[in-house]
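Visitor: Sequence and predicted structure are below.
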Amino acid sequence: MPSTRDWIDNPLGVVEEVFGSAQGRPGSGWEAEVTDFFKTQLREKEAHTLVPSLNDVPLHYLRPNSLVRFRCLVQDMFDPEFYMGAYETVDPATEAKLLRCGKYKDVTECGVDLDSANMVTAERQTFYCVPIPGESPWVKEISYSRVVPSTSYVPSRQKRSYEEDDDDMDTQPQRQRDTHTGPQTAPEPQGNGDCKRQETEAPSGQKASNSPLDLNFPLPGEKGPACLVKVYENWDSFKLNDILEVYGVLSVNPALSALADNKDTSSSLIVDPAESMETAEELRVHSPPASLVPRLHLLHARRLVHNNPLLPPAGLGDSTALLASTLSEMASELLAYFTRLLLGDVLAAEYLLLHLISNVYARRDVLPLGKFTLNLSGCPSTAAPAYTEQLYQILQQLVPCSYRLSMTLQNMNQLRMVPKKDYVANRLVSGVLQLASNTTLYLDETQLEQGQLDTTGVRNITALGNVISWQKVDYDFNYHQMEFPSNINVLIASEGRSLLPSDCQVHLQPQVTSPNMEEYLGSVHTVLQPSSQLNKFRLYLAVARTLDYSISEEVTKAVEDDFVDMRKDDPQSISAEDLHRLLVVARLLSLSLGQTALSRDAWMRAKHIETLRRSRSEPRRCVNGNEP
């Protein structure tokens with residue numbers, strides 16, 4: 001049995017050993033034996049921490065053909081491709097034949113006998129994966145424990161130096177901004193989760209691109225590695241936008257970069273349509289430099305329910321009930337902290353807490369159940385940018401994934417919110433709303449100045465409204481739109497009532513005034529500097545949103561009777577929409593205290609805080625700042 005260092009440093013040795021013992025016979029089960037071996041090794045306590053992380057260790061410090069792990073989001077999916085699963089090589093000197101395994105490799109050995117009856121052609125799928133968008137620094141710090149590579153390995157610089165790769169990574173934010181603000185011409189992978197390849201003919205308006213390769217991150221300014229993940233089985237079980245932890249064989253063979261390194265795609269890379277269905281542009285996109293976009297041949301993958309490193313990847317399971325008993329105490333501490341953060345406003349602090357533990361737990365027809373978009377209006381206008389920016393930076397320390405979108409007119413009119421299919425390069429061009437489940441999207445509306453929204457701006461506002469109201473993003477496939485469900489927590493910070501819809505609007509009523517808002521918020525945050533206290537709040541928010549919840553028949557009847565009584569005196573005082581919001585607030589109040597069933601006390605508390613909130617409501621303002 002291989003040692004730990006053997007199966008990490010040389011996973012292909014394990015593959016070849018099992019393949020050789022089975023003589024590569026189809027149906028012998030050698031493929032299942034290989035995957036079962038690695039799954040067993042990775043199930044051992046802390047074994048996964050021995051595997052270097054592509055998210056954390058620079059690529060040139062990782063041994064080629066070694067086992068590495070990568071936490072990522074499936075940004076795009078290519079069409080299936082064929083490869084030599086098994087083939088024979090011929091020794092030119094002795095003419096001896098040797099059966100070789102082609103699985104988990106990009107390049108075959110020399111001397112392949114193309115006429116061999118033992119050649120096996122197999123199929124695999126390629127996913128284009130990027131680091132989880134908006135992942136918080138504290139998550140990376142905890143998750144990506146550095147693993148020192150083997151001291152026997154000397155870092156290599158093949159074809160491109162690491163400094164050149166670093167330059168590519170550093171210029172990626174600018175390229176990403178260009179991608180979001182300019183024409184849709186940069187290369188990228190293709191596909192979507194349910195329909196692998198839509199129409200392959202490019203619309204007449206799309207031209208071939210000569211722009212430099214970008215890593216196609218959904219969010220501007222993101223850094224990190226992108227990776228082509230080769231999947232050999234059960235690829236239909238993965239979907240676009242899944243977050244995964246992938247374990248696979250790292251492939252950075254310089255031969256993979258030959259096509260991408262050829263600069264004259266207009267002349268030397270003309271592809272005969274009779275010989276290949278792929279265009280020169282598509283080939284360039286699907287074969288990026290291996291030193292910039294390495295290949296990872298999947299041996300094992302875990303779909304992550306969340307990316308909070310303080311919880312087990314599959315959730316708490318039976319431990320949830322045990323932790324729920326301590327949530328009430330933790331809720332009081334977090335509520336006190338949010339009260340200081342929101343300038344002494346207890347009611348706004350309570351709604352912020354409810355918002356952060358909200359989650360789409362089910363869908364009924366088109367209605368997403370559990371969403372709770374919060375519009376926090378009344379943010380201090382004299383120091384609005386400083387306050388809202390500081391507020392986001394503090395919230396970022398509590399949630400695993402987040403992104404602050406400054407709603408300036410320039411951003412609204414230039415950013416690409418919705419992913420768009422590029423038919424020339426056969427790829428899905430990413431957009432800001434291609435986010436992992438449970439990401440907090442912080443919309444800073446305090447920076448929206450007077451001006452005119454153009455066509456792009458109107459589409460972006462519509463896309464944000466669809467996420468808020470229906471938790472869906474309609475990806476643009478030119479000929480049609482394809483709906484993808486989302487689960488994004490949207491928090492809107494504004495001066496007056498937001499121009500966007502929301503499930504709940506709370507007007508901030510500061511009880512504390514400070515001449516220096518940044519200094520005040522900094523002093524508030526110092527309370528959380530011990531990592532143990534921060535982790536306590538991070539754990540609380542994660543556990544509260546995963547608890548099961550139910551309403552008994554008895555309580556349901558009591559709620560219905562109460563609703564009828566409230567409408568007796570004034571039928572206009574409460575609508576069906578108000579009742580729905582009351583039920584959502586009551587559910588979140590219960591979960592915040594670790595209670596998995598609605599109680600009479602929680603229902604009365606929900607009614608009370610909703611009455612207080614509605615007494616503060618302000619009329620909605622229009623985009624130009626005028627009242628409707």
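Guide: It's in. Numbering: from 1, shown residues only.
Visitor: dump the residue contacts of the closest residue to Lys607 other than its chain neighbours.
Guide: In this structure, Lys607 finds its nearest non-sequential neighbour in Leu582, 6.5 Å apart by Cβ to Cβ, 6 or more residues apart in numbering. C-beta coordinates here come from the backbone N, C-alpha and C atoms, glycine included. Leu582 sits next to Trp603, Ala606, Lys607, Glu610 when contact means Cβ atoms under 8 Å, 6 or more residues apart in numbering.
Visitor: Let's have the residues you listed in TSV, adding distance to Ser469 and neighbour count.
Guide: Below are the contacts of Leu582 laid out as TSV (distance: Cβ to Cβ, whole Å; neighbours: other Cβ atoms under 10 Å):
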residue	distance to Ser469	neighbour count
Trp603	26	21
Ala606	22	22
Lys607	24	15
Glu610	20	18
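Visitor: Identify the farthest-apart pair in those residues.
Guide: Farthest pair in these (Cβ to Cβ) is Trp603 and Glu610. Separation: 10.8 Å.
Visitor: what separates the residue nearest to Lys607 from Trp470, distance-wise?
Guide: According to Cβ to Cβ, to the nearest Å, Leu582 stands 21 Å off from Trp470.
Visitor: Can you give me the pLDDT of Tyr104?
Guide: The per-residue pLDDT reported for Tyr104 equals 95.
Visitor: same question, the one 4 residues further on
Guide: According to the model's per-residue confidence, Thr108 sits at a pLDDT of 81.
Visitor: next one: Val147
Guide: Val147 is assigned 53 on the pLDDT scale.
Visitor: any idea of the mean pLDDT for stretch 356-373?
Guide: Mean per-residue pLDDT for stretch 356-373: 95.
Visitor: Contact partners for the nearest residue to Met566 once chain neighbours are set aside?
Guide: Distances taken as Cβ to Cβ, 6+ apart place Ile574 nearest to Met566, at 5.1 Å, with adjacent residues excluded. Residues in contact with Ile574 (Cβ under 8 Å, 6+ apart) are Phe563, Met566, Arg567.
Visitor: Now neighbour count and distance to Met517 too, for those, in a markdown table please.
Guide: Listed next are the contacts of Ile574 as a markdown table, based on neighbours: other Cβ atoms under 10 Å; distance: Cβ to Cβ, whole Å:
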| residue | neighbour count | distance to Met517 |
| --- | --- | --- |
| Phe563 | 15 | 42 |
| Met566 | 16 | 40 |
| Arg567 | 15 | 43 |
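Visitor: so which of those residues comes closest to Ser381?
Guide: Met566 (35.8 Å).
Visitor: Secondary structure element holding the closest one?
Guide: Using DSSP states H and E, Met566 maps to helix 553-569.
Visitor: Kindly report the same for Asp578.
Guide: Per DSSP H and E: helix 576-592 holds Asp578.
Visitor: and that helix with helix 553-569, angle?
Guide: 140 degrees (axes from the mean of the first three to the mean of the last three Cα atoms, to 10 degrees).
Visitor: Centre of the chain to helix 576-592, how far?
Guide: Here helix 576-592 is found 28 Å from its chain centre; the criterion is Cα atoms, centre = their mean, to the nearest Å.
Visitor: In the next helix or strand after that helix, which of the residues would be classed as buried?
Guide: The helix or strand immediately downstream of helix 576-592 is helix 600-614, counting by DSSP H and E. Buried residues in helix 600-614, counted by 16 or more other Cβ atoms under 10 Å: Ala602, Trp603, Arg605, Ala606, Ile609, Glu610, Arg613.
Visitor: Lowest average confidence across helices and strands of the protein, where is it?
Guide: Every helix and strand of the chain was ranked by mean pLDDT, DSSP states H and E. The lowest is helix 162-181, at a mean of 41.
Visitor: Quick check: what element follows that helix along the chain?
Guide: Sequence-wise, the next helix or strand downstream of helix 162-181 (DSSP H and E) is strand 227-231.
Visitor: Now do that next one, average pLDDT.
Guide: The average pLDDT within strand 227-231 is 97.
Visitor: so what's Val555 up against?
Guide: Ala597, Leu598, Ser599, Arg600, Trp603.
Visitor: Let's see that with 6 Å instead.
Guide: Listed by Cβ atoms under 6 Å, 6 or more residues apart in numbering, the contact partners of Val555 are Leu598.
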